[in-house]
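# below is the sequence, then the predicted model.
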Amino acid sequence: MHKVKKITGVMLPAMFSVIVHAQTTVAGNTDVMRSNGKIYVVVAVVVTILLGLFFYVFSLDRKISKLEKK
């Protein structure tokens, strides 16, 4: 158990540094996508998918409620 704590203590800060480094390189890519107008297409697709999922869950909830009442 003591070894697990040591390994976690070493690996956790290393993982944070990788995550922070990865986030700084993404900012350059979003500028390219924003300048080409592609970021708006990505946002529109994500919003469409999320709205579709919400509609599906809402309609499924209504169907289940009908079945529960019977």
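In hand now; what should we look at?
# residue 56: neighbour count?
Look at residue 56: counted by other Cβ atoms under 10 Å, it has 10 neighbours. (Each C-beta comes from the backbone N, C-alpha and C, glycine too.)
# can you pull the domain assignment for this protein?
Domain assignment for the chain by automatic domain parsing gives 1-36, 37-70.
# gap between residue 38 and residue 45?
Look at residue 38 and residue 45: by Cβ to Cβ, to the nearest Å, they are 11 Å apart.
# shared neighbours, the two?
Common neighbours of residue 38 and residue 45, counting by Cβ atoms under 8 Å, 6 or more residues apart in numbering, are absent.
# residue 56: which element?
Under the criterion DSSP states H and E, the helix or strand holding residue 56 is helix 38-69.
# same for that helix, what does it pack against?
Identification of packing neighbours for helix 38-69 by 3 or more Cβ pairs under 8 Å, 6 or more residues apart in numbering; DSSP states H and E yields helix 2-36.
# could you give the mean pLDDT of the helix it packs on?
What helix 2-36 shows for mean pLDDT is 64.
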